Every structure is written in C-alpha cells, then in structure tokens.
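1. just need the structure, nothing else, for what follows:
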Amino acid sequence: MFRVLKSSAFRNLWVGGMISTVGDMALLIALPYHVYNLTRSMLATGGTFIAQVLPRLVLGSMAGVFVDRWDRKMIACDIARAVVLLPLLIVQRPELVWLVYAVVLAESILSQFFAPAYAALLPRVVERDALVAANSLRSAGDATVRLVAPLPLVVLLDAGTYLVSALLIAAIPLRQETACPAGIAA
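-> As a prediction, this is how the structure comes out:
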C-alpha cells in the first residue's frame, strides 16, 4: 500500500476522490434538512432522494459504456458538477424547492458518468501489480469519508471539492493504455 501512495498520480486521484466524497456526503446530509426546513414537508424532502437515486437506476448500468469512449480524466465533468450546484445558493423560499430537484438530478446524472471513469482511470495511473492496493485504498478512503457538514457553506464546499478534484486529476500523467488479460477486472 505504501508503494502505491508514493505515486503522485495515484495520490492526486485518491485525494481528489476523497475530497469530492466529503463534499458529497455533506450535501447529502444538509440538502434534505434544508428542504424540510423550507417546506416542513416530508414529501418535498423525499423528492431530493428521488432526484438523486433516479439517475442511478436509469443510467448506472450503462454509463460505463459511454465512459469507455470518452476521456477518462473527466475533468469537464467535475467542473460541470461544481457549476451545476451553484443555483442551490438561491433556494431560500419554499417555492424554489423545484430548483433543488433539478440541480440534484443534474448533479446525479453527471456523477453516474464520473464514477466509472474514476474506476477506469486507476489502471492507467498505477502499475498492474499495484491495482489491488490502489483499489483497497480507494475503497477504504471512500468508506472512511462517508462516516465523517448550514446549506450555502455545504454547497460551496461540495462545488469546491469538485474543482479541487478536477485540478488534481488534470495533473495526472497517464501511462500507455494496455489491454487487461481475460478475467482481470480493471
């Protein structure tokens, strides 16, 4: 594990992913709370969860197919996710809650493409014999962050984490892509 952490490319990807997950988790907690405070409606609050989960159900299984044809660094996706969150800053009245649903839906759609791109980028960042350690660190870091966020601060934090992630990923030099032997998942 320590060998893989010596790679600045892996560290950029790993730290960028963890920073982004911190923002995601903070927003996941704060946004439904904010919607409930505005509306006092459990139904309206549940709408935030529906907007977040719907893209996973519809796009989750096919997003990787598209990502295989695109730039795996997905820097534009991180920047788009940061920008798409900013309208949440104006949601201060119950009649603007529809904007929460639109933003969460858009951000969740973008995230469906980012997640498989992140996984596909890993084999181009670390050597094949370091993939198990890199995947283990990625999983451990993600799980740890999910255990560890007022709304404007959370929105700016989450948007900022996407930008930091994009900058760190932009700095990654990629190795030449090689095909994986049959039976080995990247």
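
2. give the contact list for Ser165.
-> Gly16, Gly17, Ile19, Ser20, Asp78 (C-beta atoms under 8 Å, 6 or more residues apart in numbering). To be clear about C-beta, it is placed using only N, CA and C from the backbone, and glycine gets the same treatment.

3. could you check the pLDDT of it?
-> The score at Ser165 is 93. That number is its pLDDT.

4. and if you look at Thr178?
-> Confidence for Thr178, expressed as pLDDT, is 66.

5. give me the element the spatially most central residue of the chain is part of.
-> A centroid search over the chain (C-alpha atoms, centre = their mean) returns Ser111, at 5.3 Å, as the residue closest to the centre. Assigned by DSSP states H and E, Ser111 belongs to helix 97-121.

6. contact partners of the helix or strand following that helix?
-> As assigned by DSSP H and E, the chain's next helix or strand after helix 97-121 is helix 131-147. Residues from elsewhere that reach helix 131-147, judged by C-beta under 8 Å, 6+ apart: 1, 3-5, 10, 14, 17-18, 21-22, 25, 122-123, 125-126, 186.

7. relative to helix 97-121, how tilted is helix 131-147?
-> Per axes from the mean of the first three to the mean of the last three C-alpha atoms, to 10 degrees, the angle that helix 131-147 makes with helix 97-121 is 160 degrees.

8. got the buried residues for helix 131-147?
-> For helix 131-147, the neighbour count (16 or more other C-beta atoms under 10 Å) marks Leu131, Ala133, Ala134, Asn135, Leu137, Arg138, Asp142, Val145 as buried.

9. Leu57: which of the residues you listed is nearest?
-> Nearest to Leu57 among the buried residues of helix 131-147: Asp142, at 20.9 Å, using C-beta to C-beta.
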